[in-house]
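Colleague: what would the 3D arrangement of this be:
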Amino acid sequence: MKPNITKNKSKGVKINIDYNDDGIEIGDGSIQLVSYLGVLARTMVPVDYLDWRLVPNELKEKLWDIVQVDEDSKNNTIASIGRKFRSFKHHLTKDYIMPYKDNPEHLKEPPPCYNYIETQIRRKLVMDRLSKQFQKKSENQKRKRSLNTYSHRLRRKCYANFEQEV
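Modeller: Numbers count the residues shown, from 1 in each chain. The predicted model follows:
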């Protein structure tokens, strides 16, 4: 699915996105769009930004220029890229940093599938994730998450597509 997005984009073919009454993307086009936004978040936004709000507006505008779906969905699209950015950092932390926190030699090399992340940027992320401040924040969030009755596990489908099915 993802290669088709890139191929179509290079040919000038736009993804057909449908919207529900709340202005949220639904349907197959929205699933393709969400996948594409994830690729952009992983490859274009440096992971050393501690928070999406700290990412420069110029970079966010550049990302929007690449996507350019419907002008009315600009804020939702940029916010979605921000969620993908946070999710990617969580994935790196959970799968490639924390399991090796007691093995600093292993943390010197990037994960093979993410070797495009620059060394200095990756080191900043590793240092942040191993800091006492981050550890405290992480434990606090785990405690809060354990109190949730329902966990969100719809992945790319989102609640809007779930509602449409029901």
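Colleague: please count neighbours and contacts with C-alpha atoms only from this point.
Modeller: OK.
Colleague: for the longest helix along the chain, give the mean pLDDT please.
Modeller: Assignment by DSSP state H gives helix 74-92 as the longest helix of the chain. Mean pLDDT, helix 74-92: 92.
Colleague: residues contacting the helix or strand following that helix, please?
Modeller: Next helix or strand after helix 74-92 toward the C-terminus (DSSP states H and E): helix 104-107. Helix 104-107 is contacted from outside by 96-97, 100-101, 126, using CA atoms under 8 Å, 6 or more residues apart in numbering.
Colleague: out of those residues, who's nearest residue 44?
Modeller: residue 126 (18.6 Å; CA to CA).
Colleague: what ranges does the chain have for its strands?
Modeller: Here the chain has its strands, by DSSP state E, at 18-19, 25-26.
Colleague: tell me the most buried of the ones you listed?
Modeller: Of the strands of the chain, the one with the most neighbours on average (mean count of other CA atoms under 10 Å) is strand 25-26, at a mean of 21.
Colleague: which one is residue 29 nearest to, not counting chain neighbours?
Modeller: Once flanking residues are discounted, residue 29 sits nearest to residue 17: 4.9 Å by CA to CA, 6 or more residues apart in numbering.
Colleague: which pLDDT does the model give the one you found?
Modeller: 75.
Colleague: could you dump the strands of the chain to a markdown table with distance to residue 106?
Modeller: Converted to a markdown table, those look like this (distance: least, CA to CA, whole Å):
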| stretch | distance to residue 106 |
| --- | --- |
| strand 18-19 | 45 |
| strand 25-26 | 41 |
